[in-house]
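>>> Next input, structure requested:
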Amino acid sequence: MRTFIALLSLLLATACAYDRSYEEANRMLSEGKPLEGLAKLEQAVKDNPRNSTYKAALLRERERVAGAFVLQGDASLKAGNLDLAAAQYQEAKRIDPDGFRANAGLQEVERARRHAERLKEAEALLEKKDYAGAESLVRAVLTENPYHSKARELLRKVVETNMAAEPPPGLKTPYKKPITLEFRDAQIRTVFEMLSRTSGINFVFDRDVKPDAKITLFVRNTTLDDVLKLILTTNQLDRKVLNDNSVLIYPNTPAKQKDYRDLVVRSFYLANADVKQASAMVKAMVKTQDVFIDEKLNLLVVKDTPEVVRLTDQLVRTLDLAEPEVMLEVEVMEVARTRLQEIGVRYPGSVNLQAKDAGGALSSATTVPVDAPWAFTVANPALIFNLRASVGTTNLLANPRIRVKNKEKARIHIGDKVPVFTSTATANVGVSTSVSYLDVGLKLDVESQVYLQDEVGIKIGLEVSNIIETITVATGTGSTVAYRLGTRNANTVLQLKDGETQILAGLISDEDRRSAQRIPGLGDIPMLSRLFGSSLDNRAKTEVVLMITPRIVRNILRPEGVHAELPVGTDNYPGVPPLRIGRTAPGALALAAPRTAGGGPGQETARDVPAAVAAPLVLGVAAPERAQGEFAIEVAIPPVVSTRTARVDLQFDPKQLQTIDPIGTVPGRASITFTGEASTRSVRFKVLPGATGTASVTVTDIEVVDRDGYAIDVTAPPPASIKLGN
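Have a look, this model is predicted:
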C-alpha cells in the first residue's frame, strides 16, 4: 500500500508538472514569445510523448511560428535586405526543418544575391561603355526573373545610353563656320562643287537631281549649314548625312523620301491616358498613319521619322498625366432640441345612456322595453391624471471621407430605405403586391473640379429627410401604406482653397404645438384649468450644419522637359526643324563668282578667302567639388570676343538644389544674363534638407552676341558634379 501511494503521488506530481509546462507554453505564446513558447511545448511533449493534445499543439504552433518568420523573410527580401531575409528564413527552417516555404525562400535569397552581383558587373561594364556585355548580363537576369525592377530599369538605361552613344551621323566643324556667297544664275552643281573644295565636304547627288538647275544666292556671314538649308529648300531638294564629311542630295518628293528618309519605331506604354485618345491626337497633329494600339496593355506604337517620333513623345507626355484627385472631408451635424409637457386631468369625452336586460347587465339588443331600467356609462378609466414632462437634446454626427477624381460625381447616403407596399388587382392573377423603397435620411451629392492654383470647385446638393406621418389608405383589395416626408434641401456651387473649410448652416425646422382637453366652462377658469382639463405642449427645433473641407491628393503636374510651344514642322513634313538663319561673326570665309565685262557669270573662283575662324569657344564653369548649405558656381564667357549680350541656361535636380541668386521661376532651371562688359557671373545655390549624393549642374543653352550684333558659337562644357554633405 505504501508503494502504491508513493507511485500515485509521483504520477500526480508528474502530471501537474506536464500541465504547468503546457499552461506556461500557452501563456508565453499569448504574450508574443513564440520561441520560448515552442521550447516549453517541446519540453512538454518530450516529457509526455503519448499526449496527443501536446503533440497537436506543438505541430500547430510550430507551423504558425515558422510561417510568421517566412512572411517576415518575404518582406525583407522584397525590401532588398538579403542578409535579414536569409536569417529569418533560417530561423523558420530551424523551427520547421521540413517546411517547403523556408527552403524556397533561402533559394530565392541566393538567386537575388547572384542577380545583384550580375547587375553590379553590368553597371561596371556600362561605365566602361561595353554596352553589349552589360545588356547580355541584364538580359540573363531578366530571363530568370522577368519582373526584376532594378534589372528592367538598368536594361532601359543601357539601351538608351547605347542609342545616345551612337548618334546619327553629323558633319564636322567646318560645316558650322560662317561663309559669304554671291552667285547669280549659277548651276547648282557648280555651287556645290565650290563648297566641297572649300569646306572639304563631299556632296553626292541622286540621279534625279536636275544638273542644269540655276541658282541665285547672295548671303553674307552665314554658316554653311544655313546656306545649305536655303539652297535645298528653295530648289525642292533634301539631304541625308552619310558621315562626318559626306552628304547625299536628292529631290524632295514623296517617292524619294520613302527611299532615303530613315524610320524608327517606338512604343509608348501609357499609364493614365486613354490609348484611343492618344492615337487620335497623334494622327491629327503629326499626320502619321503607321499607328498601332493595344487597349489591353494601353500601348501605342508609332513608326515614322525620328523627328516625328520625338514630336510624338512630347505630345504623349503632355497627355499621359494622372488625373487630379481630391479628398473631401464632410461633417454633418443635426442638432435637435425637444420639450414635451402634459399636465392636467383628462375627463371622459362622452357619457352613454344604456338600458339593462333582465339579468341586470347592460343590454346590447337593438330594441329594449320602455320600462327597462336605464344606466349611465363612461369609458374606463373615467379619469386620467397627466403628469409628464420630457426634455431632449440630440446631436447626430456623420463624418465621412470620400476620395473622388476630377469632374466625377460622388454620393453619400446615410439613412434608411423605407419600403412602400402597393396592392394591385388584376383580372386573371388576382391581387399582386409590389414594393418600392424611399431613401430617407441624409443624402449628399458632390462634384469636384481641381484647378491648377490648388483650388477646388465643388457642386453640392444636400437633402435631409425624415418620416413625419404614416398614411394607410384602404382600397378594394386591401390597403396601401404611404408616408409623409419632411425634407430640407440646399444646393450651391463654391470654390475653396486646398484645406479650406466651408460651413453651410441655417437649415432650421422649428415646431411649436399646443393642445388642450377641458370641461366646457369649468376648464376655462384660469385657476382651475389644470383641475378640469389637460394641456399638451410639444416643441421641437432641429438644425442641420454641413462642413466640407477639400484636400487635394494629386493636382495636375506639367511634364518636365516639354515646352509650352512645340515646333511641329510643316504640313507636308511634320517634325522638321524650322528654317532659320543664325547671325554669325564677320570676316568669315567668302566665295563668289566674279562677273564678266558683260555682267554675266564667268568661271567661279575664290574671290576672298580670309583666315578660317578658330575652333569653337568653350564656356567656362567653375564649381566646388563638395558643398553643404550654400555655394556658388562661376560661369565665364570666353574672353576672345567682346560681347554685347549673352544668356546661359542651367539645369539641375530640384529635389537637391535650389537657386538663391538669381531666383529661378521654374524648379530645376536657372537663366543667367550677361550685359555690357561683364563676362563672368556667379549663381548661388542652396542645398535642400535631406539631399545627399552627387548633384549635377548642366548647361542646356548658350546664346552669345558680340558688339556688332552677330552670334558667336560657344560650346557647352561637361556637366559640373558637386558632392553634397560632409
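
>>> use CA for all of it now, contacts and neighbours both
Will do.

>>> in the chain, which spans are helices?
In the chain, the helices defined using DSSP state H lie at 2-30, 34-47, 52-79, 82-95, 100-127, 131-144, 149-165, 188-199, 224-234, 254-260, 275-285, 306-319.

>>> and those as CSV, adding mean neighbour count and mean pLDDT?
Converted to CSV, those look like this (neighbours: other CA atoms under 10 Å; pLDDT from 0 to 100):
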stretch, mean neighbour count, mean pLDDT
helix 2-30, 14, 57
helix 34-47, 20, 70
helix 52-79, 18, 77
helix 82-95, 21, 84
helix 100-127, 18, 86
helix 131-144, 18, 83
helix 149-165, 15, 76
helix 188-199, 17, 82
helix 224-234, 17, 84
helix 254-260, 11, 84
helix 275-285, 17, 89
helix 306-319, 19, 84
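
>>> These: which one's closest to Val704?
helix 224-234 (17.9 Å; CA to CA).

>>> re earlier: mind putting the helices of the chain into TSV with distance to Met327?
Shown next, in TSV, are the helices of the chain (distance: least, CA to CA, whole Å):
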stretch	distance to Met327
helix 2-30	40
helix 34-47	42
helix 52-79	30
helix 82-95	37
helix 100-127	40
helix 131-144	39
helix 149-165	31
helix 188-199	65
helix 224-234	55
helix 254-260	53
helix 275-285	27
helix 306-319	24
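
>>> so which of those gets nearest Glu625?
Among the helices of the chain, the nearest to Glu625 by CA to CA is helix 100-127 (20.7 Å).

>>> For that closest one, name the packing helices and strands.
helix 52-79, helix 82-95, helix 131-144, helix 149-165 (3 or more CA pairs under 8 Å, 6 or more residues apart in numbering; DSSP states H and E).

>>> could I get those helices as CSV with distance to Val418?
Below are those laid out as CSV (distance: least, CA to CA, whole Å):
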stretch, distance to Val418
helix 52-79, 48
helix 82-95, 56
helix 131-144, 59
helix 149-165, 53
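
>>> Arg518 is nearest to which of the helices of the chain?
Using CA to CA, the nearest of the helices of the chain to Arg518 is helix 2-30, at 70.9 Å.

>>> Spatially central residue in the protein, please.
Ala322 (4.5 Å; CA atoms, centre = their mean).

>>> quick one: it from Asn272, how far?
5 Å (CA to CA, to the nearest Å).

>>> My read is that the residue nearest to the centre of the chain contacts Ile556, right?
Yes: Ala322 is within contact range of Ile556, at 7.2 Å (criterion: CA atoms under 8 Å).

>>> what comes up buried for stretch 713-726?
Asp713, Val714, Ala716, Pro719, Ala720, Ile722, Leu724 (16 or more other CA atoms under 10 Å).

>>> could those go into CSV alongside pLDDT and distance to Gly690?
Output for the buried residues of stretch 713-726, formatted as CSV (pLDDT from 0 to 100; distance: CA to CA, whole Å):
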residue, pLDDT, distance to Gly690
Asp713, 71, 39
Val714, 78, 36
Ala716, 82, 30
Pro719, 87, 22
Ala720, 88, 21
Ile722, 88, 15
Leu724, 85, 10
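
>>> Looking at those, spot the one nearest Ala56.
Leu724 (59.1 Å).

>>> Can you verify my assumption that the closest one contacts Thr692?
Yes: under the criterion of CA under 8 Å, Leu724 makes contact with Thr692 at 5.4 Å.

>>> May I have stretch 240-258 as CSV, with CA atoms only?
Listed next in CSV are the C-alpha coordinates belonging to stretch 240-258 (Å, rounded to 0.1, in the frame of the first residue of the first chain):
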residue,chain,number,x,y,z
LYS,A,240,20.9,62.9,-95.9
VAL,A,241,24.1,63.0,-93.9
LEU,A,242,26.2,59.9,-94.6
ASN,A,243,29.2,60.5,-92.3
ASP,A,244,31.1,63.5,-90.9
ASN,A,245,32.1,64.8,-94.3
SER,A,246,29.6,63.4,-96.8
VAL,A,247,26.1,64.5,-97.7
LEU,A,248,23.6,62.9,-100.1
ILE,A,249,21.5,65.4,-102.1
TYR,A,250,18.1,64.1,-103.5
PRO,A,251,14.8,65.5,-104.8
ASN,A,252,12.3,66.3,-102.1
THR,A,253,9.5,64.2,-103.4
PRO,A,254,7.3,61.6,-101.6
ALA,A,255,8.9,58.7,-103.6
LYS,A,256,12.5,59.8,-102.7
GLN,A,257,11.5,60.5,-99.1
LYS,A,258,10.4,56.9,-98.8
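
>>> Show me what it is in contact with.
169-172, 200-209, 236-239, 260-261 (CA atoms under 8 Å, 6 or more residues apart in numbering).

>>> Which among those residues count as buried?
Buried, going by 16+ other CA under 10 Å: Leu171, Ile201, Asn202, Phe203, Phe205, Val209, Leu237, Asp238, Arg239, out of those.

>>> While we're on the first one, how confident is the model there?
If you check Leu171, the pLDDT there is 64.

>>> quick one: least confident helix or strand in the protein?
Least confident element among the helices and strands of the chain, by mean pLDDT, DSSP states H and E: strand 605-608 (a mean of 36).
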